[in-house]
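Peer 1: model the following, please.
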Amino acid sequence: MTKVIVSGANGFVGGALTRELIANGIKVVALDMEGHNNNLPESDLVEFYPFSLDNAEELQERLADRDFDTFYHFVWAGSAGPARADTALQLKNAQWTVDCLRLAKKLGCTRFVNAGSIMELETIKAVFNPGNKPGLGYIYGSGKLVAHTMCKSVAADIGIDLVWAMITNAYGVGERSPRMVNTTIQKCIRGEAPQFTAGTQNYDFVYIDDVARAFRLIGENGKPFNEYLIGSSNAKPLKEFLLEMKAAIAPELDFIFGDIPFTGVNQPLEDFDCSKTEQDTGFRAEISFGEGCRRTRDWWLEIAKEESK
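Peer 2: Down below sits the predicted model:
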């Protein structure tokens with residue numbers, strides 16, 4: 001793999017992957033649908049293009065005959081917060097993914113690597129469980145499932161290798177979304193006691209640098225029309241992760257468990273099995289949750305310091 005395209009390259013995961021790729025001497029054409037490049041490294045190996053599907057033909061002309069290997073797709077609006085329940089947006093995300101798959105083929109890419117989610121597996125269990133009433137958060141997972149299903153059929157039809165990477169829960173330096181790790185670290189910084197469910201549900205977190213390395217290795221070594229889970233290979237009940245965070249960054253605070261009801265589906269530990277990813281690609285996560293939380297806490301403290309000047 002010597003030359004790739006990354007859509008959503010200015011985002012949390014796309015930006016991390018771009019840095020990982022150029023660190024390994026791989027040329028990157030970085031696309032961002034909002035036209036921003038503030039999260040991209042300055043390098044002769046990176047070309048940036050503002051991108052929308054409306055200018056796909058223009059992009060195709062500008063990038064013709066460039067011998068690309070792989071198209072990495074990260075564009076997905078509404079992956080956190082209330083927008084996860086926006087049916088129109090999540091269906092649009094799925095269609096964007098299929099459209100980018102077709103664009104990848106037109107640009108001469110031989111492989112399309114997409115960022116899926118472990119929520120796909122949880123959504124199947126939540127939706128196809130007789131009598132269960134899945135919450136609105138599963139609309140996001142449904143969008144990912146729709147994209148996954150359509151892309152497999154379309155990729156087979158147009159003749160491009162599809163590799164589907166499903167992330168457990170990425171976190172770390174560079175992410176500003178209001179997800180669990182960030183909101184908990186922010187409360188710890190303020191000296192507030194965070195509240196949680198009982199924390200008995202199985203969970204997994206994987207640090208962003210490990211996620212980026214996993215995507216590179218999946219792009220290089222993943223088998224066509226296969227799914228690969230990107231996780232820590234150390235899934236366990238959520239409470240154990242949170243106590244690890246507490247020990248790492250806030251040993252003096254009380255972490256309160258059981259005050260918030262758990263309304264999701266408790267996935268079995270086998271859903272978090274990363275052995276196939278390890279065997280086929282050589283990836284294994286290296287950064288512990290405690291260490292990742294320390295790095296993320298320190299990053300937030302630096303941001304606060306800069307903003308206070």
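Peer 1: ok, now which ones touch residue 269?
Peer 2: By C-beta atoms under 8 Å, 6 or more residues apart in numbering, residue 269 lies in contact with 202, 235, 236. Bear in mind the C-beta positions are built from the backbone N, C-alpha and C, glycine included.
Peer 1: rerun that using 7 Å as the cut-off
Peer 2: If you count contacts by C-beta atoms under 7 Å, 6 or more residues apart in numbering, residue 269 has them with 202, 235.
Peer 1: and it, how far is that from residue 283?
Peer 2: Distance, residue 269 to residue 283, using C-beta to C-beta, to the nearest Å: 19 Å.
Peer 1: and if you look at residue 150?
Peer 2: From residue 150 over to residue 283 (counting by C-beta to C-beta), the distance is 27 Å.
Peer 1: just want to know which of those two has more residues nearby.
Peer 2: Legend: neighbour count by other C-beta atoms under 10 Å for residue 150 and residue 283, higher for residue 283 (24 against 15).
Peer 1: was I right about that one contacting residue 214?
Peer 2: Yes - contact criterion C-beta atoms under 7 Å: residue 283 and residue 214 qualify, at 4.6 Å.
Peer 1: overlap of the contact sets of the two?
Peer 2: Shared contacts of residue 283 and residue 214 (C-beta under 7 Å, 6+ apart): residue 277.
Peer 1: in terms of helix, strand or coil, where does the residue lying closest to residue 34 once chain neighbours are set aside fall?
Peer 2: The shortest distance from residue 34 to any non-neighbouring residue, by C-beta to C-beta, 6 or more residues apart in numbering, is to residue 10 (7.2 Å). Using DSSP: H, G, I helix; E, B strand; the rest coil, the secondary structure recorded for residue 10 is coil.
Peer 1: phi, psi of residue 10?
Peer 2: Main-chain dihedrals, residue 10, degrees, to the nearest 10: phi -90, psi 0.
Peer 1: how many other residues sit next to it?
Peer 2: 22.
Peer 1: that one against residue 35, yeah?
Peer 2: No - the pair residue 10 / residue 35 is not scored as a contact, 8.7 Å apart, by C-beta under 7 Å.
Peer 1: which helices and strands does the helix or strand containing residue 219 pack with?
Peer 2: Counting by DSSP states H and E, the element that carries residue 219 is helix 208-221. With contacts defined as 3 or more C-beta pairs under 7 Å, 6 or more residues apart in numbering; DSSP states H and E, the packing partners of helix 208-221 are helix 12-23, strand 70-73, strand 111-117, strand 161-167, strand 170-171, strand 226-230, helix 275-281.
Peer 1: not counting the shortest one itself, show me its contacts.
Peer 2: For strand 170-171, the surrounding residues in contact (C-beta under 7 Å, 6+ apart) are 13, 181, 205, 206, 207, 208, 211, 292, 296.
Peer 1: now with 8 Å, please.
Peer 2: For strand 170-171, the external contacting residues (C-beta under 8 Å, 6+ apart) are 12-13, 179, 181-182, 205-208, 211, 230, 292, 296.
Peer 1: tell me the helix or strand right after it.
Peer 2: Defined by DSSP H and E, the subsequent element after strand 170-171 is helix 180-190.
Peer 1: now do the same end-to-end measure for stretch 183-203.
Peer 2: Length of stretch 183-203, first residue to last, C-alpha to C-alpha, to the nearest Å: 17 Å.
Peer 1: and that stretch, how far out from the chain's middle?
Peer 2: How far stretch 183-203 lies from its chain's middle: 21 Å, per C-alpha atoms, centre = their mean, to the nearest Å.
Peer 1: buried stuff in it?
Peer 2: Neighbour-count burial for stretch 183-203, counted by 16 or more other C-beta atoms under 10 Å, picks out 184, 185, 187, 188, 194, 196, 197, 199, 202, 203.
Peer 1: check stretch 59-71 too.
Peer 2: For stretch 59-71, the neighbour count (16+ other C-beta under 10 Å) marks 59, 63, 68, 69, 70, 71 as buried.
Peer 1: contacting residues for residue 296?
Peer 2: Residue 296 makes contact with 171, 172, 173, 175, 181, 182, 185, according to C-beta under 8 Å, 6+ apart.
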